[in-house]
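Colleague: All I have is the shape, not the residue letters:
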(Lines give C-alpha, C1' and ligand atoms only; values in the text may rest on other atoms or scores of the structure.)
Protein backbone atom coordinates (compact mmCIF):
# COMPACT_ATOMS: atom_id res chain seq x y z
CA UNK A 1 0.00 0.00 0.00
CA UNK A 2 1.17 3.52 -0.74
CA UNK A 3 2.04 5.77 2.16
CA UNK A 4 -0.77 8.20 2.92
CA UNK A 5 0.08 11.88 2.75
CA UNK A 6 -2.21 14.87 2.78
CA UNK A 7 -2.18 17.05 -0.28
CA UNK A 8 -0.26 20.20 0.68
CA UNK A 9 -2.50 23.12 1.57
CA UNK A 10 -2.20 25.62 -1.23
CA UNK A 11 -3.91 28.54 -2.88
CA UNK A 12 -2.14 27.64 -6.10
CA UNK A 13 -4.84 27.30 -8.75
CA UNK A 14 -4.26 26.53 -12.42
CA UNK A 15 -7.86 26.74 -13.64
CA UNK A 16 -8.29 29.40 -16.33
CA UNK A 17 -4.69 30.60 -15.85
CA UNK A 18 -2.87 31.43 -19.09
CA UNK A 19 0.29 29.31 -18.93
CA UNK A 20 3.01 29.49 -21.55
CA UNK A 21 5.02 26.27 -21.90
CA UNK A 22 8.51 26.98 -23.25
CA UNK A 23 10.12 23.95 -24.91
CA UNK A 24 8.36 20.85 -26.27
CA UNK A 25 10.63 18.04 -25.19
CA UNK A 26 9.35 15.22 -22.98
CA UNK A 27 8.87 17.52 -20.00
CA UNK A 28 7.20 20.25 -22.04
CA UNK A 29 4.75 17.81 -23.62
CA UNK A 30 3.90 16.32 -20.21
CA UNK A 31 3.45 19.85 -18.83
CA UNK A 32 0.96 20.73 -21.57
CA UNK A 33 -1.12 17.65 -20.75
CA UNK A 34 -0.98 18.34 -17.01
CA UNK A 35 -1.99 22.00 -17.32
CA UNK A 36 -4.88 21.14 -19.65
CA UNK A 37 -6.01 18.48 -17.18
CA UNK A 38 -6.21 21.20 -14.52
CA UNK A 39 -8.21 23.62 -16.66
CA UNK A 40 -5.47 26.05 -17.63
CA UNK A 41 -5.36 27.96 -20.92
CA UNK A 42 -2.12 26.78 -22.52
CA UNK A 43 0.13 28.22 -25.22
CA UNK A 44 3.50 26.94 -26.38
CA UNK A 45 6.78 28.43 -27.58
CA UNK A 46 9.39 26.19 -29.22
CA UNK A 47 12.72 27.30 -30.70
CA UNK A 48 12.91 24.40 -33.17
CA UNK A 49 11.14 24.67 -36.54
CA UNK A 50 7.80 22.88 -36.83
CA UNK A 51 9.20 20.23 -39.16
CA UNK A 52 11.51 19.12 -36.33
CA UNK A 53 8.56 18.23 -34.10
CA UNK A 54 6.95 14.79 -34.14
CA UNK A 55 3.69 14.78 -36.12
CA UNK A 56 1.76 13.47 -33.10
CA UNK A 57 2.97 16.43 -31.04
CA UNK A 58 1.73 18.93 -33.64
CA UNK A 59 -1.56 17.01 -33.86
CA UNK A 60 -1.98 17.22 -30.09
CA UNK A 61 -1.45 20.99 -30.14
CA UNK A 62 -3.90 21.50 -32.97
CA UNK A 63 -6.52 19.08 -31.60
CA UNK A 64 -6.46 20.98 -28.29
CA UNK A 65 -6.60 24.32 -30.14
CA UNK A 66 -3.40 25.44 -28.41
CA UNK A 67 -1.74 28.61 -29.65
CA UNK A 68 1.86 27.75 -30.47
CA UNK A 69 4.90 29.24 -32.13
CA UNK A 70 7.92 27.40 -33.53
CA UNK A 71 11.29 28.49 -34.85
CA UNK A 72 11.89 31.04 -32.09
CA UNK A 73 10.43 32.85 -29.10
CA UNK A 74 8.40 36.07 -29.34
CA UNK A 75 8.28 38.61 -26.52
CA UNK A 76 4.57 39.27 -27.11
CA UNK A 77 3.53 35.68 -26.38
CA UNK A 78 5.69 35.62 -23.25
CA UNK A 79 4.31 38.98 -22.09
CA UNK A 80 0.70 37.76 -22.48
CA UNK A 81 1.14 34.83 -20.03
CA UNK A 82 0.06 34.72 -16.40
CA UNK A 83 2.70 32.07 -15.70
CA UNK A 84 5.62 30.74 -17.73
CA UNK A 85 6.69 27.12 -17.45
CA UNK A 86 10.27 26.52 -18.61
CA UNK A 87 11.52 23.11 -19.71
CA UNK A 88 14.96 22.16 -18.29
CA UNK A 89 16.83 22.59 -21.58
CA UNK A 90 15.84 26.25 -22.01
CA UNK A 91 18.47 28.79 -20.88
CA UNK A 92 16.92 31.14 -18.34
CA UNK A 93 18.85 34.04 -19.86
CA UNK A 94 16.96 34.27 -23.17
CA UNK A 95 15.57 37.77 -23.64
CA UNK A 96 11.83 36.92 -23.72
CA UNK A 97 12.18 35.30 -20.28
CA UNK A 98 14.17 38.25 -18.97
CA UNK A 99 11.50 40.63 -20.25
CA UNK A 100 8.76 38.54 -18.62
CA UNK A 101 10.56 38.60 -15.28
CA UNK A 102 10.84 42.38 -15.53
CA UNK A 103 7.04 42.39 -15.78
CA UNK A 104 6.87 40.15 -12.67
CA UNK A 105 5.48 37.20 -14.60
CA UNK A 106 6.46 34.05 -12.64
CA UNK A 107 8.92 31.75 -14.42
CA UNK A 108 8.95 28.26 -12.89
CA UNK A 109 9.70 24.61 -13.64
CA UNK A 110 8.42 21.13 -12.88
CA UNK A 111 9.59 20.95 -9.26
CA UNK A 112 7.87 24.21 -8.36
CA UNK A 113 4.59 22.88 -9.79
CA UNK A 114 5.06 19.51 -8.08
CA UNK A 115 5.42 21.23 -4.72
CA UNK A 116 1.71 22.08 -4.85
CA UNK A 117 0.43 18.71 -6.04
CA UNK A 118 2.75 15.95 -4.81
CA UNK A 119 1.27 13.47 -2.34
CA UNK A 120 4.17 11.01 -2.06
CA UNK A 121 7.54 11.10 -0.23
CA UNK A 122 10.44 11.98 -2.55
CA UNK A 123 14.07 10.88 -2.50
CA UNK A 124 16.02 13.28 -4.73
CA UNK A 125 19.49 12.81 -6.20
CA UNK A 126 21.75 15.41 -7.78
CA UNK A 127 25.45 15.89 -8.45
CA UNK A 128 27.69 16.45 -11.42
CA UNK A 129 28.29 12.71 -11.91
CA UNK A 130 26.68 9.46 -10.84
CA UNK A 131 23.07 10.69 -10.67
CA UNK A 132 21.55 8.05 -12.92
CA UNK A 133 23.49 5.19 -11.36
CA UNK A 134 22.46 6.17 -7.83
CA UNK A 135 18.85 6.85 -8.85
CA UNK A 136 18.59 3.46 -10.56
CA UNK A 137 20.30 1.67 -7.66
CA UNK A 138 17.97 3.32 -5.14
CA UNK A 139 14.94 2.25 -7.17
CA UNK A 140 16.26 -1.34 -7.28
CA UNK A 141 16.77 -1.32 -3.50
CA UNK A 142 13.26 -0.04 -2.80
CA UNK A 143 11.70 -2.52 -5.24
CA UNK A 144 13.66 -5.36 -3.62
CA UNK A 145 12.12 -4.20 -0.34
CA UNK A 146 8.62 -4.61 -1.88
CA UNK A 147 8.02 -0.87 -2.30
CA UNK A 148 6.07 0.55 -5.23
CA UNK A 149 8.37 3.16 -6.75
CA UNK A 150 8.03 5.88 -9.37
CA UNK A 151 11.37 6.84 -10.93
CA UNK A 152 11.47 10.14 -12.78
CA UNK A 153 13.01 13.52 -13.41
CA UNK A 154 16.22 13.90 -15.37
CA UNK A 155 16.44 10.12 -15.82
CA UNK A 156 13.88 10.35 -18.63
CA UNK A 157 10.31 10.31 -17.26
CA UNK A 158 8.85 13.69 -16.27
CA UNK A 159 7.38 13.99 -12.78
CA UNK A 160 4.24 15.30 -14.49
CA UNK A 161 3.56 11.73 -15.61
CA UNK A 162 3.17 10.77 -11.96
CA UNK A 163 1.25 13.90 -10.95
CA UNK A 164 -1.28 13.25 -13.72
CA UNK A 165 -2.01 9.74 -12.44
CA UNK A 166 -3.37 8.22 -9.21
CA UNK A 167 -0.15 8.96 -7.24
CA UNK A 168 -0.23 5.44 -5.82
CA UNK A 169 3.50 4.80 -5.29
CA UNK A 170 5.08 4.35 -1.87
CA UNK A 171 7.79 6.81 -2.84
CA UNK A 172 9.35 8.71 -5.73
CA UNK A 173 13.02 8.55 -6.64
CA UNK A 174 13.89 11.66 -8.66
CA UNK A 175 17.10 12.37 -10.52
CA UNK A 176 17.53 16.15 -10.69
CA UNK A 177 19.77 18.22 -12.90
CA UNK A 178 20.98 21.69 -11.99
CA UNK A 179 18.65 23.06 -14.68
CA UNK A 180 15.64 21.49 -12.95
CA UNK A 181 16.76 22.82 -9.59
CA UNK A 182 17.16 26.34 -11.01
CA UNK A 183 13.40 26.58 -11.54
CA UNK A 184 12.46 24.49 -8.50
CA UNK A 185 10.98 27.25 -6.37
CA UNK A 186 13.74 27.48 -3.73
CA UNK A 187 12.42 27.47 -0.16
CA UNK A 188 8.85 27.25 -1.51
CA UNK A 189 9.73 24.30 -3.72
CA UNK A 190 9.26 20.56 -3.28
CA UNK A 191 10.62 19.33 0.09
CA UNK A 192 12.55 16.08 -0.28
CA UNK A 193 12.44 13.52 2.52
CA UNK A 194 16.00 12.56 1.57
CA UNK A 195 18.16 14.76 -0.69
CA UNK A 196 21.46 13.37 -1.96
CA UNK A 197 24.32 15.57 -3.22
CA UNK A 198 26.90 13.27 -4.83
CA UNK A 199 29.64 15.65 -5.98
CA UNK A 200 30.30 19.04 -7.57
CA UNK A 201 32.86 19.47 -10.36
CA UNK A 202 32.86 22.02 -13.19
CA UNK A 203 30.11 21.35 -15.75
CA UNK A 204 27.60 23.29 -17.84
CA UNK A 205 29.65 26.44 -17.39
CA UNK A 206 28.29 27.63 -20.73
CA UNK A 207 24.97 28.04 -18.87
CA UNK A 208 26.26 29.59 -15.62
CA UNK A 209 28.03 32.86 -14.92
CA UNK A 210 30.58 31.08 -12.72
CA UNK A 211 31.43 27.76 -11.10
CA UNK A 212 30.15 29.20 -7.81
CA UNK A 213 26.74 29.79 -9.43
CA UNK A 214 26.69 26.18 -10.63
CA UNK A 215 27.57 24.95 -7.13
CA UNK A 216 24.80 27.12 -5.66
CA UNK A 217 22.38 25.45 -8.06
CA UNK A 218 23.37 21.99 -6.81
CA UNK A 219 23.03 23.00 -3.15
CA UNK A 220 19.50 24.29 -3.80
CA UNK A 221 18.31 20.66 -3.63
CA UNK A 222 18.19 21.23 0.15
CA UNK A 223 16.36 24.58 0.04
CA UNK A 224 12.84 23.38 0.95
CA UNK A 225 13.81 20.69 3.46
CA UNK A 226 12.64 20.87 7.07
CA UNK A 227 14.49 19.80 10.23
CA UNK A 228 12.82 16.38 10.02
CA UNK A 229 14.26 15.62 6.56
CA UNK A 230 17.64 14.10 5.71
CA UNK A 231 20.57 15.39 3.65
CA UNK A 232 23.19 12.95 2.32
CA UNK A 233 26.48 14.61 1.30
CA UNK A 234 29.82 13.45 -0.10
CA UNK A 235 32.37 13.85 2.70
CA UNK A 236 35.27 13.42 0.26
CA UNK A 237 34.16 16.15 -2.15
CA UNK A 238 36.24 19.31 -1.82
CA UNK A 239 33.56 21.70 -3.08
CA UNK A 240 30.83 20.26 -0.83
CA UNK A 241 32.98 20.22 2.29
CA UNK A 242 34.32 23.73 1.69
CA UNK A 243 30.88 25.32 1.28
CA UNK A 244 29.61 24.67 4.79
CA UNK A 245 27.67 27.92 4.67
CA UNK A 246 25.40 26.16 2.15
CA UNK A 247 24.85 23.02 4.22
CA UNK A 248 21.18 22.58 5.12
CA UNK A 249 19.77 22.83 8.64
CA UNK A 250 18.13 19.38 8.44
CA UNK A 251 19.68 16.12 9.68
CA UNK A 252 22.96 15.62 7.76
CA UNK A 253 24.85 12.39 7.09
CA UNK A 254 27.90 11.81 4.93
CA UNK A 255 29.51 9.14 2.76
CA UNK A 256 33.14 8.69 1.72
CA UNK A 257 36.56 7.36 2.64
CA UNK A 258 37.65 10.28 4.83
CA UNK A 259 34.72 10.85 7.15
CA UNK A 260 36.71 11.31 10.35
CA UNK A 261 34.13 12.07 13.03
CA UNK A 262 31.25 12.57 10.59
CA UNK A 263 28.29 10.18 10.83
CA UNK A 264 27.23 8.20 7.79
CA UNK A 265 28.58 5.59 5.35
CA UNK A 266 32.34 5.08 5.60
CA UNK A 267 34.18 3.32 2.75
CA UNK A 268 36.84 0.81 3.80
CA UNK A 269 38.25 -1.01 0.77
CA UNK A 270 35.31 -2.85 -0.75
CA UNK A 271 33.15 -2.56 2.38
CA UNK A 272 30.74 0.15 3.49
CA UNK A 273 30.43 0.72 7.26
CA UNK A 274 27.55 2.73 8.72
CA UNK A 275 28.70 4.70 11.76
CA UNK A 276 27.70 7.34 14.27
CA UNK A 277 29.86 10.33 15.17
CA UNK A 278 30.57 11.73 18.62
CA UNK A 279 27.70 14.19 18.18
CA UNK A 280 25.32 12.57 15.66
CA UNK A 281 23.52 9.22 15.85
CA UNK A 282 22.16 7.37 12.84
CA UNK A 283 18.50 6.38 13.29
CA UNK A 284 17.18 2.80 13.48
CA UNK A 285 20.29 1.34 15.15
CA UNK A 286 22.24 1.48 11.86
CA UNK A 287 25.59 2.02 13.55
CA UNK A 288 27.89 -0.95 12.92
CA UNK A 289 26.16 -2.31 9.81
CA UNK A 290 28.62 -3.50 7.14
CA UNK A 291 27.88 -3.97 3.42
CA UNK A 292 30.43 -6.01 1.46
CA UNK A 293 30.63 -5.07 -2.23
CA UNK A 294 33.22 -7.73 -3.13
CA UNK A 295 31.76 -9.78 -5.96
CA UNK A 296 29.39 -7.01 -7.06
CA UNK A 297 29.64 -4.63 -10.02
CA UNK A 298 29.96 -1.75 -7.55
CA UNK A 299 33.26 -2.65 -5.90
CA UNK A 300 35.43 -0.11 -7.74
CA UNK A 301 35.44 3.71 -7.74
CA UNK A 302 33.37 5.69 -8.56
CA UNK A 303 30.66 3.07 -7.95
CA UNK A 304 31.90 2.50 -4.41
CA UNK A 305 30.91 6.08 -3.66
CA UNK A 306 27.63 5.69 -5.54
CA UNK A 307 26.81 2.55 -3.55
CA UNK A 308 27.65 4.23 -0.23
CA UNK A 309 25.28 7.11 -1.04
CA UNK A 310 22.49 4.73 -2.05
CA UNK A 311 22.95 2.51 1.01
CA UNK A 312 22.76 5.51 3.33
CA UNK A 313 19.76 7.11 1.59
CA UNK A 314 17.76 3.87 1.43
CA UNK A 315 18.43 3.04 5.09
CA UNK A 316 17.29 6.53 6.09
CA UNK A 317 14.05 5.78 4.22
CA UNK A 318 13.56 2.61 6.26
CA UNK A 319 14.87 -0.10 3.90
CA UNK A 320 16.17 -3.20 5.64
CA UNK A 321 19.79 -4.34 5.49
CA UNK A 322 19.04 -7.68 3.83
CA UNK A 323 17.05 -6.03 1.01
CA UNK A 324 19.84 -3.52 0.37
CA UNK A 325 22.47 -6.29 0.27
CA UNK A 326 20.37 -8.30 -2.18
CA UNK A 327 19.88 -5.30 -4.49
CA UNK A 328 23.61 -4.45 -4.40
CA UNK A 329 24.51 -8.00 -5.41
CA UNK A 330 22.14 -8.04 -8.40
CA UNK A 331 22.84 -4.53 -9.72
CA UNK A 332 24.17 -4.33 -13.28
CA UNK A 333 26.26 -1.35 -14.49
CA UNK A 334 24.45 1.12 -16.73
CA UNK A 335 25.48 1.37 -20.37
CA UNK A 336 28.15 3.94 -21.37
CA UNK A 337 29.42 4.26 -17.79
CA UNK A 338 32.76 2.48 -17.40
CA UNK A 339 31.34 -0.47 -19.38
CA UNK A 340 33.76 -3.13 -20.59
CA UNK A 341 33.05 -3.61 -24.31
CA UNK A 342 35.62 -6.34 -25.00
CA UNK A 343 39.04 -7.64 -24.16
CA UNK A 344 41.12 -8.24 -27.26
CA UNK A 345 44.65 -9.59 -27.12
CA UNK A 346 44.96 -8.69 -23.45
CA UNK A 347 43.73 -5.11 -23.98
CA UNK A 348 40.51 -3.90 -22.33
CA UNK A 349 38.24 -1.51 -24.25
CA UNK A 350 36.04 0.52 -21.88
CA UNK A 351 33.09 2.72 -22.89
CA UNK A 352 32.67 5.72 -20.59
CA UNK A 353 30.90 7.95 -23.10
CA UNK A 354 28.65 9.36 -20.36
CA UNK A 355 31.76 11.10 -18.94
CA UNK A 356 30.81 14.47 -20.46
CA UNK A 357 32.75 16.63 -17.98
CA UNK A 358 36.21 16.76 -16.45
CA UNK A 359 35.04 15.47 -13.06
CA UNK A 360 33.74 12.25 -14.59
CA UNK A 361 37.02 11.66 -16.43
CA UNK A 362 38.96 12.35 -13.23
CA UNK A 363 36.93 9.62 -11.50
CA UNK A 364 37.43 7.22 -14.41
CA UNK A 365 41.20 7.67 -14.40
CA UNK A 366 41.31 7.37 -10.62
CA UNK A 367 39.72 3.92 -10.99
CA UNK A 368 42.34 2.74 -13.52
CA UNK A 369 45.18 0.50 -12.35
CA UNK A 370 46.55 -0.27 -15.83
CA UNK A 371 48.23 2.03 -18.39
CA UNK A 372 45.57 3.99 -20.30
CA UNK A 373 45.17 5.04 -23.91
CA UNK A 374 42.52 7.74 -23.50
CA UNK A 375 40.12 8.82 -26.24
CA UNK A 376 38.62 12.20 -25.39
CA UNK A 377 37.16 15.34 -26.94
CA UNK A 378 33.89 16.67 -28.32
CA UNK A 379 32.06 19.91 -27.68
CA UNK A 380 33.65 21.98 -24.93
CA UNK A 381 31.42 22.64 -21.90
CA UNK A 382 33.61 25.26 -20.27
CA UNK A 383 35.34 22.86 -17.87
CA UNK A 384 38.80 23.40 -16.39
CA UNK A 385 41.03 20.83 -18.08
CA UNK A 386 43.88 21.52 -15.65
CA UNK A 387 42.04 19.29 -13.15
CA UNK A 388 43.00 16.34 -15.37
CA UNK A 389 46.68 17.24 -15.76
CA UNK A 390 48.00 15.09 -12.92
CA UNK A 391 45.97 11.91 -13.56
CA UNK A 392 46.81 12.14 -17.24
CA UNK A 393 50.51 12.52 -16.44
CA UNK A 394 50.38 9.53 -14.10
CA UNK A 395 48.16 7.12 -16.02
CA UNK A 396 47.71 8.07 -19.70
CA UNK A 397 50.42 6.86 -22.07
CA UNK A 398 48.65 8.19 -25.19
CA UNK A 399 45.86 10.76 -25.53
CA UNK A 400 43.78 10.51 -28.73
CA UNK A 401 41.58 13.57 -29.33
CA UNK A 402 38.49 14.13 -31.48
CA UNK A 403 35.86 16.83 -31.94
CA UNK A 404 35.67 20.60 -31.62
CA UNK A 405 37.68 20.74 -28.39
CA UNK A 406 40.66 18.72 -29.62
CA UNK A 407 42.95 21.71 -30.27
CA UNK A 408 42.19 23.24 -26.86
CA UNK A 409 42.70 19.91 -25.13
CA UNK A 410 45.92 19.23 -27.02
CA UNK A 411 47.40 22.49 -25.76
CA UNK A 412 46.31 21.62 -22.21
CA UNK A 413 47.93 18.16 -22.16
CA UNK A 414 50.91 18.19 -24.56
CA UNK A 415 53.28 18.62 -21.63
CA UNK A 416 51.97 15.53 -19.85
CA UNK A 417 51.58 12.76 -22.44
CA UNK A 418 51.77 11.89 -26.14
CA UNK A 419 48.86 13.55 -27.99
CA UNK A 420 47.36 12.80 -31.40
CA UNK A 421 44.25 14.22 -33.07
CA UNK A 422 41.71 12.52 -35.35
CA UNK A 423 38.70 13.45 -37.46
CA UNK A 424 36.54 10.52 -36.38
CA UNK A 425 36.02 8.32 -33.35
CA UNK A 426 36.52 5.22 -35.51
CA UNK A 427 40.01 6.44 -36.47
CA UNK A 428 40.86 7.05 -32.82
CA UNK A 429 39.72 3.53 -31.86
CA UNK A 430 41.85 2.00 -34.61
CA UNK A 431 44.87 4.04 -33.51
CA UNK A 432 44.28 3.06 -29.89
CA UNK A 433 44.26 -0.59 -30.91
CA UNK A 434 47.51 -0.10 -32.81
CA UNK A 435 49.26 1.55 -29.85
CA UNK A 436 48.00 -0.82 -27.16
CA UNK A 437 49.93 -3.74 -25.71
CA UNK A 438 48.60 -6.51 -23.44
CA UNK A 439 47.66 -5.07 -20.06
CA UNK A 440 46.62 -1.66 -21.44
CA UNK A 441 43.17 -0.09 -21.35
CA UNK A 442 41.71 1.83 -24.30
CA UNK A 443 39.25 4.14 -22.56
CA UNK A 444 36.64 6.37 -24.18
CA UNK A 445 36.06 9.07 -21.55
CA UNK A 446 35.50 12.32 -23.47
CA UNK A 447 35.24 15.16 -20.88
CA UNK A 448 33.02 16.89 -23.44
CA UNK A 449 29.50 16.92 -24.81
CA UNK A 450 28.79 14.79 -27.88
CA UNK A 451 26.70 17.17 -29.96
CA UNK A 452 29.44 18.28 -32.34
CA UNK A 453 29.62 14.79 -33.89
CA UNK A 454 26.77 12.73 -32.42
CA UNK A 455 23.14 13.10 -31.37
CA UNK A 456 23.91 12.01 -27.79
CA UNK A 457 26.51 10.42 -25.53
CA UNK A 458 24.66 7.13 -26.15
CA UNK A 459 25.22 7.32 -29.91
CA UNK A 460 28.89 8.15 -29.31
CA UNK A 461 29.19 5.14 -26.99
CA UNK A 462 27.47 2.90 -29.52
CA UNK A 463 29.87 4.00 -32.28
CA UNK A 464 32.78 3.21 -29.96
CA UNK A 465 31.31 -0.20 -29.17
CA UNK A 466 30.71 -0.99 -32.85
CA UNK A 467 34.26 0.05 -33.75
CA UNK A 468 35.73 -2.14 -31.02
CA UNK A 469 33.65 -5.16 -31.97
CA UNK A 470 34.71 -4.75 -35.59
CA UNK A 471 38.32 -4.99 -34.39
CA UNK A 472 37.44 -8.18 -32.56
CA UNK A 473 35.82 -9.69 -35.63
CA UNK A 474 38.66 -8.77 -37.98
CA UNK A 475 41.35 -11.35 -38.91
CA UNK A 476 43.78 -9.48 -36.67
CA UNK A 477 41.32 -9.69 -33.77
CA UNK A 478 42.61 -12.95 -32.33
CA UNK A 479 45.96 -14.41 -31.37
CA UNK A 480 49.41 -12.82 -31.53
CA UNK A 481 49.49 -9.41 -33.13
CA UNK A 482 45.77 -8.96 -32.52
CA UNK A 483 46.24 -5.31 -31.69
CA UNK A 484 47.60 -4.51 -35.15
CA UNK A 485 51.12 -3.74 -33.86
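Modeller: Okay, I see it. All values derive from a computational prediction rather than experimental measurement. Numbering: from 1, shown residues only.

Colleague: Point out where the protein drops to low pLDDT.
Modeller: Residue ranges of the chain with pLDDT under 70: 1-11, 475-485.

Colleague: which residue packs closest to residue 217, ignoring adjacent ones?
Modeller: residue 178 (4.1 Å; Cβ to Cβ, 6 or more residues apart in numbering). For the C-beta atoms, the positions are set from N, CA and C on the backbone; glycine is no exception.

Colleague: Now do the contacts for that neighbour.
Modeller: Counting by Cβ atoms under 8 Å, 6 or more residues apart in numbering, residue 178 touches 126, 203, 204, 208, 214, 217, 218.

Colleague: Enumerate every residue touching the fifth one.
Modeller: What it means is residue 214. By Cβ under 8 Å, 6+ apart, the contact set of residue 214 is 178, 200, 202, 203, 204, 205, 208.

Colleague: any idea which helix or strand carries it?
Modeller: helix 211-219 (DSSP states H and E).

Colleague: Next, give phi and psi for the residue nearest to residue 217.
Modeller: Main-chain torsions, residue 178, degrees, to the nearest 10: phi -60, psi -30.

Colleague: Repeat that for the one 5 residues further on.
Modeller: Phi and psi for residue 183, reported as degrees, to the nearest 10, are phi -110, psi 30.

Colleague: My guess is it contacts residue 90. True?
Modeller: No: look at residue 183 against residue 90 with Cβ atoms under 8 Å: they stay out of range, at 9.2 Å.

Colleague: what's stretch 156-167 in contact with?
Modeller: Counting by Cβ under 8 Å, 6+ apart, 2, 26-27, 30-31, 33-34, 37, 110-111, 113-114, 117-120, 150-153, 169, 172, 174 sit against stretch 156-167.

Colleague: Please repeat the previous calculation with a cut-off of 7 Å.
Modeller: 26-27, 30-31, 33-34, 37, 110, 114, 117-120, 150-153, 172, 174 (Cβ atoms under 7 Å, 6 or more residues apart in numbering).

Colleague: Which residues are in contact with residue 453?
Modeller: Counted by Cβ under 7 Å, 6+ apart, residue 453 has contacts 378, 403.

Colleague: my guess is it is in a strand, correct?
Modeller: No: assigned with DSSP: H, G, I helix; E, B strand; the rest coil, residue 453 falls outside any strand and is coil.

Colleague: Please determine how far it is located from residue 180.
Modeller: 27 Å (Cβ to Cβ, to the nearest Å).

Colleague: try residue 174
Modeller: Counting by Cβ to Cβ - residue 174 and residue 180 are separated by 9 Å.

Colleague: neighbour count winner among these two?
Modeller: More neighbours surround residue 174 than the other of residue 174 and residue 180, with 30 against 24 (other Cβ atoms under 10 Å).

Colleague: Name all residues that make contact with residue 293.
Modeller: Residue 293 touches 270, 271, 272, 299, 304, 307, 328, counting by Cβ under 7 Å, 6+ apart.

Colleague: From the centroid of this structure, which residue is nearest?
Modeller: residue 131 (3.9 Å; Cα atoms, centre = their mean).

Colleague: following the helix holding residue 214, which helix or strand shows up next?
Modeller: In N-to-C order, the element after helix 211-219 by DSSP H and E is strand 230-234.

Colleague: quick one: contacts of whichever helix or strand comes after that following strand?
Modeller: Per DSSP H and E, the first helix or strand lying C-terminal to strand 230-234 is helix 238-241. Helix 238-241 is contacted from outside by 197, 200, 215, 233, 234, 235, using Cβ under 7 Å, 6+ apart.
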